[in-house]
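Enquirer: got a sequence here, can you build the structure:
(one chain, ligands or ions: 1)
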Amino acid sequence: MNTNKKVLIIGAGIIGCAITFELQKKGYTVTCIDKHQKVGWGSTSNSTAIIRTCYSTVEGVSLAYEGTFYWKNWQKYVQTNNTSNLAQYVECGMTQIMAPDNHWKKVLPIYDQLGIEYQLFDSKELISKFPFMSPSSYWPPSLPSEDNFWEESTQILPGAMYAPNEGYVTDPQLAAENLQEASEKIGAKFILGQSVTDIIKDQKQVLGITLDNTQNILADIVINASGPYSFIINDMAGVKSDMRVSTKPLREEVHCVPAPPGIDIQKLGSSTSDNDNGIYFRPESGNMILVGGGKSPDDKEWIEDPNSFNRNITESLWKTQVYRLAKRIPELQIPNEKIGVVDLYDVTEDWIPIYDRSELDGFYMAIGTSGNQFKNAGAVGYLMANLVDKCEHGYNHDENPLTIKGKFTNLELNLGFYSRLRNINKKSSMSVLG
Ligand SMILES: Cc1cc2nc3c(=O)[nH]c(=O)nc-3n(C[C@H](O)[C@H](O)[C@H](O)COP(=O)(O)OP(=O)(O)OC[C@H]3O[C@@H](n4cnc5c(N)ncnc54)[C@H](O)[C@@H]3O)c2cc1C
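Expert: Numbering: from 1, shown residues only. Predicted coordinates:
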């Protein structure tokens, strides 16, 4: 559908870049803005980029399943012949340890319903598939500062659920660049190294943005895709009064350790969710392992100002995550050097994003990605472009939430699930698992 409408997207992370590509394809005139000098330099660059479908709800699993196909078809999707500069999808599988929190039991019937491929391993099959792993149960996860952390486990895991078609993306920042290049080829523009400092509007309609307090750019449509800064942009737009869910930045750390000597983790390992032991991990290039997820639910570090937070690794969390990993992978050698990344999730109350319009006509949001939406970026770009297009042609999404068919899976993706007007979704895990 051709349209002369001008769109400004605030944020050139993976989500903003994906929306840019899809809206430009629809014939809108799109400019994507970021205060960083390069796209994907926000939380996208430090994403672990695990691609998995094990969410708690049918809607969450459906979107993640649809999202997986964008990565499987990445080169074709971003329309390039340049394979040397392309983010790679590593299909090493996703292992979900059967933990007593029973998350896997929520997921299993949804996989059956949607026809998602999986295998169930008992503990013997688990260690036959991953001989470097211990089949012991460590539930409930404890801390190295507690005596029981060091006690020998007498319990064995029931097993694991393994989804063979999942894995991780090698370079999340490069994936955003791939989308930038694809968007520019079809006419989209990027303004990098400048900040949006205000939203211009009248009583009913968004009119544009102000850049660096100096330059106004007018537009018909503005989209907030600013990641952990989303609450600040929503404040500028004055669109919070009807929202039943809000967003808040949460500090997170992911650490990087060498795989045990003699174990080729990129060949043998999978992305793994180990709730039994309070961590997740995946192989990383250079025969390294990334490990995260070790914060306990009552020890969250909410951040007031996303421009100012501690970017240094915390020794105690490093110990928790790495030592827990050493319990699951007993031959792991604890390194002296503490390497890792520190960044922010943009979290909603139910850890489900907000992909929606707002009370201000022309102002939309793709926010609250809650540490789990890198994988969905392609599908989110597609959903947001369709949502914008429908609303701009008069559709009342607030009264009658849109359902859009996924273009790879044909699954019905219900955008009402991501509405700003929803009540907190009690089916969610209320965690990064979504
Ligand atoms: C440590 C970590 C691990 C993660 N692991 C996974 C995982 O394994 N799998 C998964 O699916 N997801 C994961 N995630 C989540 C995933 O990375 C995010 O959901 C996703 O990257 C969010 O992308 P985004 O584009 O919304 O945000 P961002 O990448 O943060 O982009 C927002 C952009 O907006 C810009 N911006 C903000 N304010 C302004 C302004 N005023 N003016 C101009 N520009 C502005 C910022 O500079 C930034 O570049 C992880 C996240 C983190 C932090």
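Enquirer: could you tell me which residues of the protein lie near the ligand?
Expert: Proximity of the chain to the ligand, by Cβ under 6 Å from any ligand atom, involves residues 10-16, 33-36, 41-44, 46-50, 195-196, 225-229, 252, 254, 341, 343-345, 369, 371-375. Every residue, glycine included, has its C-beta placed from N, CA and C.
Enquirer: the residues you listed in strands, which ones?
Expert: 10, 33, 34, 50, 196, 252, 254, 341, 343, 344, 345 (DSSP state E).
Enquirer: now the helices for this structure?
Expert: Shown for the chain, the helices assigned by DSSP state H span residues 14-25, 58-72, 74-77, 103-114, 123-129, 172-185, 230-237, 265-268, 315-328, 377-392.
Enquirer: pick the most deeply packed of the ones you listed.
Expert: Highest mean neighbour count of the helices of the chain: helix 14-25, a mean of 29 (counted as mean count of other Cβ atoms under 10 Å).
Enquirer: now do that one: everything it contacts.
Expert: Residues from elsewhere that reach helix 14-25, judged by Cβ atoms under 8 Å, 6 or more residues apart in numbering: 7, 9-10, 12, 30, 32, 34, 39-40, 44, 47, 78, 172, 175-176, 179-180, 182-183, 186-188, 190, 223, 225-227, 366, 369, 373-374, 377-378, 380-382, 384-385, 388-389.
Enquirer: the ligand versus residue 210, what's the distance?
Expert: 10 Å (Cβ to the nearest ligand atom, to the nearest Å).
Enquirer: circling back: will you turn the ones in strands among the residues of the chain next to the ligand into TSV that also has distance to residue 308?
Expert: As requested, those are arranged in TSV below (distance: Cβ to Cβ, whole Å):
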residue	distance to residue 308
10	20
33	22
34	19
50	28
196	18
252	16
254	20
341	17
343	14
344	11
345	17
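Enquirer: which of the residues you listed has the most neighbours?
Expert: residue 34 (28 neighbours; other Cβ atoms under 10 Å).
Enquirer: what sits against the closest residue to that residue other than its chain neighbours?
Expert: Spatial nearest neighbour of residue 34, chain neighbours left out: residue 12 (3.7 Å); criterion: Cβ to Cβ, 6 or more residues apart in numbering. Residue 12 makes contact with 20, 32, 33, 34, 36, 39, 40, 176, 180, 190, 192, according to Cβ under 8 Å, 6+ apart.
Enquirer: the most centrally placed residue in the chain: what's it in contact with?
Expert: Nearest to the geometric centre of the chain sits residue 373, at 2.4 Å (Cα atoms, centre = their mean). For residue 373, the contacting residues are 15, 353, 380, by Cβ under 8 Å, 6+ apart.
Enquirer: what about residue 174, distance to the ligand?
Expert: For residue 174 relative to the ligand (Cβ to the nearest ligand atom), the value is 13 Å.
Enquirer: model confidence for that residue, exactly?
Expert: Residue 174 carries a pLDDT value of 98.
Enquirer: that one and residue 87 touch, don't they?
Expert: Yes. The pair residue 174 and residue 87 qualifies as a contact (Cβ atoms under 8 Å) at a distance of 4.6 Å.
Enquirer: ok, whichever residue of the stretch 201-350 of the chain sits closest to the ligand - contacts?
Expert: The nearest approach of the stretch 201-350 of the chain to the ligand comes at residue 227, 2.4 Å away (Cβ to the nearest ligand atom). By Cβ under 8 Å, 6+ apart, the residues touching residue 227 are 11, 13, 15, 42, 43, 44, 344, 346, 367, 369.
Enquirer: mind listing what's buried in stretch 241-250?
Expert: 243, 245, 246, 247, 248, 249, 250 (16 or more other Cβ atoms under 10 Å).
Enquirer: okay if I get those as a markdown table plus pLDDT?
Expert: Listed next are the buried residues of stretch 241-250 as a markdown table, based on pLDDT from 0 to 100:
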| residue | pLDDT |
| --- | --- |
| 243 | 98 |
| 245 | 98 |
| 246 | 98 |
| 247 | 98 |
| 248 | 98 |
| 249 | 98 |
| 250 | 98 |
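Enquirer: can you give me the end-to-end span of stretch 95-112?
Expert: Stretch 95-112 has its terminal residues 17 Å apart, counting by Cα to Cα, to the nearest Å.
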